[in-house]
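Participant: compute the structure for the input listed below.
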Amino acid sequence: NGRWVAETETNDIAGFHINDLFSPWRKFSEVVFEFLASKDYPEKLKTWVNTSLGEVWKEQGEQADPTSLISRLEDYDEIPKRLARTGGVDVQKDRLECTIIDWHEGEEAYTMDHLIIPGDTAQPTVWNELDEELSHWSPEYVAIDSGYNTSMVYAYVEKRRWACAVKGRAGQGIPLVEDEKSRRQRMRRQRKKGILVHLVGDNQAKSLIYSRLKITKKGPGYIHFPNDSAFDDEYFAQLTAERLITKTIRGVPTAEWLQTRPRNETLDCFKYALAALRLSGIDLKARHAARNTEKPATPKPKPKQPAKLPNIGW
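Facilitator: Now for the predicted structure:
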């Protein structure tokens with residue numbers, strides 16, 4: 001007496017998930033045998049899940065938990081003096097998004113703000129607004145994604161020595177940023193074309209950020225988030241919008257980042273702010289050491305008070 005009940009609206013065309021265990025033409029032993037033969041091979045297991053179980057395959061992988069990050073919001077009552085400040089800008093068709101980060105010893109990060117500046121990024125107005133926002137925060141170096149509206153990005157960074165154009169590059173073995181020698185060689189070639197774009201290794205950048213999001217003890221590598229309206233559920237959903245999975249391609253296990261939701265701008269902005277720190281050439285260790293060796297300012301001597309004349313009854 002069982003009947004199918006639709007949980008959502010239908011268009012008179014029904015679809016069902018049903019597995020081999022219901023089939024009168026399959027033996028349980030055959031299904032078990034096929035599972036055992038495929039369970040150690042992801043590509044074969046994917047086929048078995050799709051066909052024998054009649055289910056959608058979900059890639060397993062490493063992912064950060066947005067809920068645990070929201071619980072870490074803190075009030076920035078007393079922030080130690082920063083060693084550096086950078087920004088990362090993601091360019092969309094109808095807006096610019098920018099994350100400002102203060103860096104401390106061991107790349108401990110205090111995320112200061114996440115800005116969303118709406119407007120047509122093919123027009124100068126939104127870029128002028130970005131200038132105003134950045135002038136308020138005064139970052140030492142800013143990396144701007146040049147994958148969209150490239151000419152506008154080039155025009156912006158061309159007149160600002162503290163800004164650079166970057167482009168993400170996916171793939172294994174690609175460093176977060178190139179070493180100084182490789183970068184100089186490539187940039188010499190680009191200067192002839194009038195284009196200066198720094199490459200950012202997507203895989204390594206995301207792996208580093210996600211590993212640091214799992215650090216729970218404040219100190220080197222830890223990422224702080226302020227108790228501010230900019231850091232809401234949507235911010236952390238975007239920050240954790242990708243998952244690292246391992247696919248078997250031609251028999252070779254290959255790590256790959258899979259985007260699990262449509263938007264991931266906050267992750268990209270953080271990635272570019274981190275790249276900006278590396279590209280800037282700022283040495284956090286040297287700055288920290290210099291700060292610790294600074295001699296405390298010698299207090300100025302108090303001015304001598306004029307001698308008090310004795311009262312002799314004049």
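Participant: next one, pLDDT for residue 181 please.
Facilitator: Looking at residue 181, its pLDDT reads 66.
Participant: please apply the same query to the one 4 residues further on.
Facilitator: Residue 185 is assigned a predicted lDDT (pLDDT) of 67.
Participant: residue boundaries of the helices in this protein?
Facilitator: Counting by DSSP state H, the chain has helices at residues 28-38, 42-51, 66-70, 124-137, 150-158, 180-191, 202-213, 233-239, 265-280, 284-293.
Participant: please identify the deepest-packed of those.
Facilitator: The highest mean neighbour count among the helices of the chain, using mean count of other C-beta atoms under 10 Å, belongs to helix 265-280: a mean of 25. C-beta coordinates here come from the backbone N, C-alpha and C atoms, glycine included.
Participant: would you list the helices of the chain in CSV and tack on distance to residue 98?
Facilitator: Listed next are the helices of the chain as CSV, based on distance: least, C-beta to C-beta, whole Å:
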stretch, distance to residue 98
helix 28-38, 47
helix 42-51, 38
helix 66-70, 20
helix 124-137, 7
helix 150-158, 12
helix 180-191, 23
helix 202-213, 17
helix 233-239, 13
helix 265-280, 6
helix 284-293, 22
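Participant: look up how far residue 171 lies from residue 16.
Facilitator: 40 Å (C-beta to C-beta, to the nearest Å).
Participant: cool, and residue 77?
Facilitator: 43 Å.
Participant: okay, these two: which has more neighbours?
Facilitator: Taking neighbours as other C-beta atoms under 10 Å, residue 77 and residue 171 compare with residue 171 leading, 11 against 5.
Participant: pLDDT below threshold where in the protein?
Facilitator: Low-confidence segments of the chain (pLDDT under 70): 42-43, 57-62, 180-195, 248-253, 294-314.
Participant: how does it look with 80?
Facilitator: 4, 6-17, 39-46, 56-63, 172-173, 178-195, 245-255, 294-314 (pLDDT under 80).
Participant: first to last residue in stretch 258-267, what's the distance?
Facilitator: Separation of the first and last residues of stretch 258-267 by C-alpha to C-alpha, to the nearest Å is 13 Å.
Participant: residues in contact with that stretch?
Facilitator: For stretch 258-267, contacts defined as C-beta atoms under 8 Å, 6 or more residues apart in numbering pick out 59, 61, 63, 90, 92, 97, 99, 114, 206, 209, 235-245.
Participant: and stretch 205-216, by the same measure?
Facilitator: Stretch 205-216 is contacted by residues 62-64, 69, 109, 168, 176, 221-223, 239-240, 242, 244, 257, 267, 270-271, 274-275 when judged by C-beta under 8 Å, 6+ apart.
Participant: surely residue 75 touches residue 224?
Facilitator: No. Assessed by C-beta atoms under 8 Å, residue 75 is found out of contact with residue 224, at 10.6 Å.
Participant: contact partners for the closest residue to residue 236 other than its chain neighbours?
Facilitator: Of all residues not flanking residue 236 in the chain, residue 66 sits nearest, at 3.9 Å (C-beta to C-beta, 6 or more residues apart in numbering). Residues counted as contacts of residue 66 (C-beta under 8 Å, 6+ apart) are 233, 236-237, 239-240.
Participant: and of those, the nearest to residue 201?
Facilitator: Here the nearest of the contacts of residue 66 to residue 201, counting by C-beta to C-beta, is residue 239; it sits at 18.5 Å.
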